[in-house]
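1. sequence-free structure coming up:
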């Protein structure tokens, strides 16, 4: 296995109204906190927030792209949503190799999303199996 502990993979995405609406259609999650300005303005956030699972999809994208040549099976993912993501935010998603079980071909990665201000919006851990 050509990976080592500490290897990092990342991508950057801007959160747009179009992206949130497309994710709502894809997922079927039409919660007004994501889609309705008037409703969201009355919440503790004061404005619309992105779906939490949109950040989860960004993690999947990082792993799917960065491990493209290695062929993986996504085994598990934990996620803790620690700050809201708003329209206009730029989210950097990073997966860092934390542990490797070479005997099983399993790689554990720390997963983090941060906004343009360096504030963590999500943290968690992914497990993938590298296929031979």
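-> Structure received. What you are looking at is a predicted structure, and each value in this text was computed from that prediction instead of being measured.
2. after the lowest-mean-pLDDT helix or strand in the chain, heading C-terminal, what element do we hit next?
-> The helix or strand of the chain with the poorest confidence is helix 52-66; it has a mean of 93 (mean pLDDT, DSSP states H and E). Downstream of helix 52-66, the next assigned helix or strand under DSSP states H and E is strand 72-81.
3. can you pull the contacts of the closest residue to residue 58 other than its chain neighbours?
-> Once flanking residues are discounted, residue 58 sits nearest to residue 93: 4.1 Å by CB to CB, 6 or more residues apart in numbering. C-beta: built from backbone N, CA, C; applies to glycine. For residue 93, the contact set (CB atoms under 8 Å, 6 or more residues apart in numbering) comprises 10, 11, 12, 13, 55, 58, 59, 61, 62, 111, 112, 113.
4. quick one: which helix or strand includes residue 93?
-> Assigned by DSSP H and E, residue 93 belongs to strand 90-101.
5. and residue 12, by the same measure?
-> Going by DSSP H and E, residue 12 is part of strand 8-14.
6. point out the other helices and strands that the next helix or strand after that strand packs with.
-> Using DSSP H and E, the helix or strand that follows strand 8-14 in sequence is helix 17-27. Helix 17-27 sits against helix 32-35, helix 52-66, with contacts defined as 3 or more CB pairs under 8 Å, 6 or more residues apart in numbering; DSSP states H and E.
7. will you turn these into a markdown table that also has mean neighbour count and distance to residue 23?
-> As requested, the helices and strands packed on helix 17-27 are exported to a markdown table (neighbours: other CB atoms under 10 Å; distance: least, CB to CB, whole Å):
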| stretch | mean neighbour count | distance to residue 23 |
| --- | --- | --- |
| helix 32-35 | 16 | 8 |
| helix 52-66 | 18 | 5 |
